[in-house]
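Asks: need a structure here:
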Amino acid sequence: MNILEQLAASAMARTRREMEICPPAVVKEQALALEKGDFAFETALRKPELSFICECKKASPSKGLIAPEFPYRQIAREYEAAGADCISVLTEPEWFLGSDRYLQEIAREVSLPCLRKDFTVDAYMIYRAKLLGASAILLICAILREEQIRDSLKICDRLGLSALVEAHDEEEVRMALRAGARIIGVNNRNLKDFTVDPENSRRLRELIPPGVLFVSESGVKTPGDVKNLRQMGADAVLIGETLMRAADKKAELGRLRGLL
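Replies: A predicted model of the protein is given here:
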């Protein structure tokens with residue numbers, strides 16, 4: 001199996017363990033009992049200028065340990081103070097060293113919409129995201145069938161959650177659109193082999209119609225990268241490693257936005 005397949009299999013095994021502790025029917029009932037969300041994540045991306053999704057990430061399969069010290073609540077507060085529009089929180093525990101607790105505490109700490117960045121492979125994970133305080137979930141075309149994406153989007157709509165549907169090539173973009181995605185994220189990193197191609201966003205941008213939000217993910221390191229995304233008509237950019245390695249995250253985000 002490639003790493004993406006391993007991540008998906010691990011997520012499914014983790015979910016099955018969680019189901020033994022708290023059955024699916026209970027989690028679903030608890031999530032539906034909460035006040036319906038207001039789709040805050042996609043609302044935050046629907047503004048005239050480029051939106052910034054800033055990521056809280058301790059490690060990754062491609063880069064290993066990124067942040068040995070990981071004061072995640074403080075990082076989230078810094079992002080909010082810096083003018084971030086949304087926060088992405090890794091909850092995958094094995095390769096990214098994430099935790100559901102990080103998301104739950106960050107969602108309470110800041111007023112920004114939070115994305116649960118994980119490898120969603122079952123409806124159970126969507127209901128769990130709602131209980132953890134997420135405003136959005138990630139759906140990756142490469143590990144899901146079109147029918148699964150469509151069904152997941154229906155659950156999200158019922159809960160008031162947004163879904164960032166991630167694609168890496170032309171067919172995955174088309175699949176996301178057929179399934180009804182309102183937000184498509186183009187990942188410039190191929191999660192099967194970790195190669196990064198910043199031009200991937202440019203190639204796929206033209207396939208995404210007006211009205212569907214377009215997010216560029218991975219490989220954004222310089223103000224020039226951000227400028228290029230603005231010029232190609234991106235609605236948002238998701239930035240992880242560049243910000244996580246910066247000692248002064250407020251200054252780094254300002255630099256990337258072209259404010260410094």
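
Asks: if I look at residue 66, how far off is residue 240?
Replies: 8 Å (C-beta to C-beta, to the nearest Å). Placement of C-beta: from N, CA and C, glycine included.

Asks: So for these two, which residue has more residues nearby?
Replies: Neighbours were counted for residue 66 and for residue 240 using other C-beta atoms under 10 Å; residue 240 has more, 23 against 17.

Asks: Now the more buried one: closest residue in space that isn't a chain neighbour?
Replies: Among residues not flanking residue 240 along the chain, residue 55 sits closest, at 3.6 Å (C-beta to C-beta, 6 or more residues apart in numbering).

Asks: partner residues bridging the one you found?
Replies: Judged by DSSP bridges, the bridge partners of residue 55 are residue 88.

Asks: State whether it and residue 88 are indeed in contact, as I suppose.
Replies: Yes. Between residue 55 and residue 88 a contact is recorded at 4.1 Å, counting by C-beta atoms under 8 Å.

Asks: Now list whatever residues contact both of those two.
Replies: Overlap of the contact sets of residue 55 and residue 88 (by C-beta atoms under 8 Å, 6 or more residues apart in numbering) consists of 117, 238, 240.

Asks: Let's have those in TSV, adding pLDDT and distance to residue 78.
Replies: Formatted as TSV, the shared contacts of residue 55 and residue 88 follow (pLDDT from 0 to 100; distance: C-beta to C-beta, whole Å):
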residue	pLDDT	distance to residue 78
117	98	18
238	96	17
240	90	14
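
Asks: of the residues you listed, closest to residue 211?
Replies: Among the shared contacts of residue 55 and residue 88, residue 238 lies closest to residue 211 (C-beta to C-beta), at 20.1 Å.

Asks: Tell me the strands beside the helix or strand containing the closest one, with direction?
Replies: Using DSSP states H and E, residue 238 sits in strand 236-239. Here strand 236-239 is paired, per DSSP bridges, with strand 51-56 (parallel), strand 213-217 (parallel).

Asks: C-terminal to the helix ranked longest in the chain, what's the next element?
Replies: Criterion DSSP state H: the longest helix present in the chain is helix 3-21. Remark: after helix 3-21, the chain's next helix or strand is helix 24-33, criterion DSSP H and E.

Asks: lowest confidence element among the helices and strands of this protein?
Replies: Among the helices and strands of the chain, helix 199-205 carries the lowest confidence by mean pLDDT, DSSP states H and E, at a mean of 89.

Asks: quick one: contacts for residue 118?
Replies: 11, 90, 91, 92, 98, 125, 129, 137, 138 are the contacts of residue 118 under C-beta under 8 Å, 6+ apart.

Asks: Make a markdown table from these and add distance to residue 36 to it.
Replies: Formatted as a markdown table, the contacts of residue 118 follow (distance: C-beta to C-beta, whole Å):
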| residue | distance to residue 36 |
| --- | --- |
| 11 | 26 |
| 90 | 26 |
| 91 | 22 |
| 92 | 27 |
| 98 | 26 |
| 125 | 19 |
| 129 | 14 |
| 137 | 15 |
| 138 | 20 |
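
Asks: I'd like those as TSV, with pLDDT, neighbour count and secondary structure appended.
Replies: Listed next are these as TSV, based on pLDDT from 0 to 100; neighbours: other C-beta atoms under 10 Å; DSSP: H, G, I helix; E, B strand; the rest coil:
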residue	pLDDT	neighbour count	secondary structure
11	97	21	helix
90	98	24	strand
91	98	25	coil
92	97	21	coil
98	97	23	coil
125	98	22	helix
129	98	27	helix
137	98	26	strand
138	98	21	strand
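
Asks: between these, which is nearest residue 252?
Replies: Nearest to residue 252 among the contacts of residue 118 is residue 90, at 18.6 Å by C-beta to C-beta.

Asks: which intervals of this structure have sub-threshold pLDDT?
Replies: 259-260 (pLDDT under 70).
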